[in-house]
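K.L.:
give me a model of this one.
(2 chains)
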Amino acid sequence: MKKSSITLLIFIGTILILSVVQGGVSNKLSTKGILVGKIEEEINYYKTQNTILSEEFLSRSSLTNLASKASELGFAKVGQPFILNSSTPLAVRQ
Amino acid sequence: MSFRYPFLFIVITILFLSIVGRLFYWQVVKAEMLSEMAFLQHSGVIRVTPVRGEIKTSDGFPIVTNKISYLVFANPREIKNKNQTLNKLSSVIEIDTASVSASLTKERLWVPIKSGVGIDVKKEIEKINLSGIGFEQHFTRFYPEASMAASMLGFVGKDDDGKDKGYFGLEGYYDRLLRGKDGYSVEIHDALGRPILSKRNTVSSGVDGSNIVLSLDRSIQFLAEEKIKHAIEKYGAAGGAIGIMEPQTGSIIAMASFPSFDQAAYQEYEEDLYKNYFIANTYEPGSTLKPIIMASALDSETVSPQTKCPICQGPVLVSEYELHTWNDKYYKNTNMIDVIKHSDNTGMAFVALKLGADKIIYYLDKFGIGRLTDIDLQGEAFAKLKPRNSWYEVDLATTGFGQGISVTPIELLNAFSAIANKGTMMQSRVVSAIESPTGEVVKIPAKIREKPISERTAKVMTEMLVNAVDKGEAQWARVKGYRIAGKTGTASIPVAGHYDPTNTIASFIGFAPADNPKFVMLVILDKPTTSIYAAETAAPVFFDIARDLLIYYGIPPSE
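P.N.:
Model (predicted):
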């Protein structure tokens, strides 16, 4: 067999093998769409859950809610706070 | 035998050439059109809607965020019994069954029924298990603090294309930043409509909206809203507003006005309520403008604190108009310190006349009166100063005590903050930082707007205002132990060419602690009915809030 024929056969063989591989890979990838769809659904589910929980958390931690809960529980505002100042102690003044 | 080969050769050649020709026609001549047809058959363009940015208060709490809501839609071709489906649906959500029924024709594939449906309602509908009814997920604005700071925040509505758009306040001003950028992607499907992983291309990548961080202190905003609501009830006022600013940076710490509206249900309120009273409403400020005029006169050395008023022994006659003091009490040869303490209109008329129109216009302009403050909120209004040739002697005299001139509350607060901040007026602002969708934080530095008066003048004016608080009409309400600078303002309301004899706008403006102010605050009560005087209405509200703020900031008494 001539050298050029062998080279030609190798080229053709490579092309055939690559074509088969490409076909196989494309086929595999196309069916992965179902899996991707499922993953996307799952991601969306968790995103939704996160948003719902964050909504709940923010509602409960809002000042508006805390103030109303505090009022229900009987908490009242301190009217006149007692402030410590640095006036001279009575003993020193006398 | 001899003609068979040539014949077969010709036939095969013709067939071959016709195939080549046809292929050439498809792949070269009609290539573009066929590619487009194929593309439309096996792919779809998906609009990727960006998530609108959040608005956070200074403590990082999202005062405006997004929540998931659903659009309930119907596919009429899949609905078995139209009336039964609608009856069941109307038991869960409020719908106009007649109009929805009319729109459910077999020609249509998609009919929207109700938007803004919450997750709980969605679950209820799912339980009924109705065929032909589906849900589309959307993000809508969510306000964890309900209607807090509504008029400052604005709201999100729809534009002409049905897309989200911010209106009024921050939502309006920062709409483009909050909105982000739409993205588009192309998804290739297989024969059964399933997405193919390797063939999803992003045509244009969208960008989610940026978050904005405010200088607004949530606790102080809450406090201010509670106090103003209570004050409106207590003093029988038609409305009211409070603005609190940090004078060193011009940052708004709180801004509350009532009546207000609920952003989540803005359609149910009158359009007038969407406007932020503090930035969109002009009024005659009355005596709260006196410190600005007096500071101008001191700065230009027109008067000194000890200057005696030679015309203050009785009502002042200016161009056939007689000007009185608010209580018809007159102080002969009173000095400028007492003019501010007694809120003496005749004394201020003397100051304004001595200052003259040119200097008054010059200083008012330097204090930003008659101009937009350029605060970063949509809907700011302003009233221009009269042109120089329209200033008559009486206009000059009345401007001295804040009548015949209109300002917005933010204009006055910004101007007054210059006295609190050693004569330097900062650019008022609400947003202190911007967070990009990637988490990058860009802080917005404070900016000097103007320096209307010298530091010395500011200091002298501060002492005069402390004296006014300690010895003036509102001294009964003051916070003992603290040096607070402030001024009452009982302004008459112009109606159809004259002043309303029964109603006033009562206000109090001041800052504390006087020597190193933590805040400057303006309290306005619109038409209080229990008393028309600011010393009996707005002043106690101011001091009540000031007391709480001083405790909140942990500032001990100085006296």
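
K.L.:
burial count for residue 63?
P.N.:
Assuming you mean chain A. As a burial measure, residue A:63 scores 22 neighbours (other CB atoms under 10 Å in any protein chain shown). No exception for glycine: its C-beta is placed from N, CA and C like everyone else's.

K.L.:
nope, chain B
P.N.:
The local packing of residue B:63 (other CB under 10 Å) involves 24 other residues.

K.L.:
SS state for it?
P.N.:
strand (DSSP: H, G, I helix; E, B strand; the rest coil).

K.L.:
list the contacts of it.
P.N.:
Counting by CB atoms under 8 Å, 6 or more residues apart in numbering or on different chains, residue B:63 makes contact with B:55, B:56, B:57, B:143, B:144, B:145, B:148, B:149, B:153, B:214, B:216, B:218.

K.L.:
for the stretch 51-200 of chain B, what spans make up the helices?
P.N.:
Taking DSSP state H, counting those that start in this stretch, the helices of the stretch 51-200 of chain B run over residues B:82-90, B:97-103, B:119-128, B:150-153, B:169-173, B:175-179.

K.L.:
can you tell me which of these is nearest to chain A?
P.N.:
Proximity to chain A (CB to the nearest CB) singles out helix B:119-128 among the helices of the stretch 51-200 of chain B, at 6.0 Å.

K.L.:
so which elements touch that closest one?
P.N.:
In terms of contacts (3 or more CB pairs under 8 Å, 6 or more residues apart in numbering or on different chains; DSSP states H and E), helix B:119-128 is packed against strand B:62-74, helix B:82-90, strand B:133-142.

K.L.:
can I get those in TSV including mean pLDDT?
P.N.:
Below are the helices and strands packed on helix B:119-128 laid out as TSV (pLDDT from 0 to 100):
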stretch	mean pLDDT
strand B:62-74	92
helix B:82-90	85
strand B:133-142	88
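
K.L.:
hey, which of the ones you listed is tucked in deepest?
P.N.:
Most buried of the helices and strands packed on helix B:119-128 by mean neighbour count (mean count of other CB atoms under 10 Å in any protein chain shown) is strand B:62-74; its value is a mean of 21.

K.L.:
which strand or helix spans the residue in chain A that chain B sits nearest to?
P.N.:
Residue nearest to chain B within chain A (CB to the nearest CB): residue A:58, separated by 3.8 Å. Using DSSP states H and E, residue A:58 sits within helix A:3-61.

K.L.:
could you give the angle of that helix to strand B:62-74?
P.N.:
110 degrees (axes from the mean of the first three to the mean of the last three CA atoms, to 10 degrees).

K.L.:
can you tell me which residues contact residue B:346?
P.N.:
Taking CB under 8 Å, 6+ apart as the test, what residue B:346 contacts is B:309, B:311, B:312, B:314, B:315, B:316, B:323, B:324, B:325, B:330.

K.L.:
excluding its backbone neighbours, what's nearest residue B:295?
P.N.:
Excluding the flanking residues, the one nearest residue B:295 by CB to CB, 6 or more residues apart in numbering or on different chains is residue B:461, at 4.5 Å.

K.L.:
which parts of the host helix or strand of that neighbour are buried?
P.N.:
Using DSSP H and E, residue B:461 sits within helix B:455-471. By neighbour count on 16 or more other CB atoms under 10 Å in any protein chain shown, the buried set for helix B:455-471 is B:457-462, B:464-470.

K.L.:
now, which of those residues sits nearest residue B:558?
P.N.:
The shortest approach to residue B:558 among those belongs to residue B:466, at 11.0 Å (CB to CB).

K.L.:
wait, doesn't that closest one sit right on residue B:483?
P.N.:
Yes - Residue B:466 is in contact with residue B:483 according to CB atoms under 8 Å; the separation is 5.4 Å.

K.L.:
for the record, mean pLDDT for the helix or strand where residue B:442 lies?
P.N.:
In this assignment (DSSP H and E), residue B:442 forms part of strand B:441-443. The predicted model assigns strand B:441-443 a mean pLDDT of 96.

K.L.:
swap in stretch B:306-325?
P.N.:
92.

K.L.:
start to end distance for it?
P.N.:
20 Å (CA to CA, to the nearest Å).

K.L.:
so what touches it?
P.N.:
Counting by CB under 8 Å, 6+ apart, B:330-337, B:339, B:342-347, B:349-350, B:353, B:392-394, B:397-398 sit against stretch B:306-325.

K.L.:
apply 10 Å and report the result again.
P.N.:
Outside stretch B:306-325, the residues that touch it by CB atoms under 10 Å, 6 or more residues apart in numbering or on different chains are B:297-298, B:303, B:328, B:330-339, B:342-354, B:392-398, B:400-401, B:403.

K.L.:
list the buried residues in it.
P.N.:
So for stretch B:306-325, counting by 16+ other CB under 10 Å, buried means B:307, B:309, B:311, B:312, B:315, B:316, B:318, B:323, B:325.

K.L.:
and those residues, which two are furthest apart?
P.N.:
B:307 and B:315 (20.4 Å).

K.L.:
residue in the stretch 401-550 of chain B with the shortest distance to chain A?
P.N.:
In the stretch 401-550 of chain B, the residue that lies nearest chain A is residue B:481 (7.5 Å; CB to the nearest CB).

K.L.:
can you get me a residue count around that residue?
P.N.:
Residues near residue B:481, counting by other CB under 10 Å, number 13.

K.L.:
distance check, it against residue B:466.
P.N.:
13 Å (CB to CB, to the nearest Å).

K.L.:
could you do residue B:39 as well?
P.N.:
Taken as CB to CB, the span from residue B:39 to residue B:466 is 77 Å.

K.L.:
ok, now residue B:515?
P.N.:
9 Å.

K.L.:
list residues touching both of the two?
P.N.:
Listed contacts common to residue B:515 and residue B:466 are B:483, B:485; contacts here mean CB under 10 Å, 6+ apart.

K.L.:
can you pull out the helices in the stretch 351-500 of chain B?
P.N.:
In the stretch 351-500 of chain B, helices defined by DSSP H, counting those that start in this stretch lie at B:393-400, B:409-420, B:455-471, listed in chain order.

K.L.:
now for residue 29, how many residues are close by?
P.N.:
In the absence of a named chain, this looks at chain A. Taking other CB under 10 Å as the criterion, the count of residues near residue A:29 is 14.

K.L.:
try again with chain B
P.N.:
Residues within reach of residue B:29, counting by other CB under 10 Å, total 10.

K.L.:
for it, give me its contacts.
P.N.:
Residues near residue B:29 by CB under 10 Å, 6+ apart: none.

K.L.:
now it: phi and psi?
P.N.:
Main-chain dihedrals, residue B:29, degrees, to the nearest 10: phi -70, psi -50.

K.L.:
against residue B:35, how distant is it?
P.N.:
On the measure of CB to CB, residue B:29 and residue B:35 end up 12 Å apart.

K.L.:
same deal with residue B:108?
P.N.:
Counting by CB to CB - residue B:108 and residue B:35 are separated by 31 Å.

K.L.:
least confident secondary structure element in chain A?
P.N.:
helix A:90-93 (a mean of 63; mean pLDDT, DSSP states H and E).

K.L.:
what about the residue lying closest to residue B:215 once chain neighbours are set aside, neighbour count?
P.N.:
Nearest residue to residue B:215, sequence neighbours excluded (CB to CB, 6+ apart): residue B:251, at 3.4 Å. Counted with other CB under 10 Å, the neighbours of residue B:251 add up to 23.

K.L.:
please apply the same query to the one 3 residues further on.
P.N.:
Residues within reach of residue B:254, counting by other CB under 10 Å, total 26.

K.L.:
quick check: beta-bridge partners of it?
P.N.:
With beta bridges defined as DSSP bridges, residue B:254 has these partners: residue B:244.

K.L.:
looks like it contacts residue B:552 (just checking).
P.N.:
No - assessed by CB atoms under 10 Å, residue B:254 is found out of contact with residue B:552, at 11.2 Å.

K.L.:
picking up where we left off before, narrow the buried residues of stretch B:306-325 to those in strands?
P.N.:
Here DSSP state E is the test, and the buried residues of stretch B:306-325 give B:316, B:318, B:323 as lying in strands.

K.L.:
how about residue B:86, what does it touch?
P.N.:
Contacts for residue B:86 were tallied using CB under 10 Å, 6+ apart; they are B:74, B:79, B:95, B:96, B:97, B:98, B:100, B:101, B:104, B:113, B:130, B:133.
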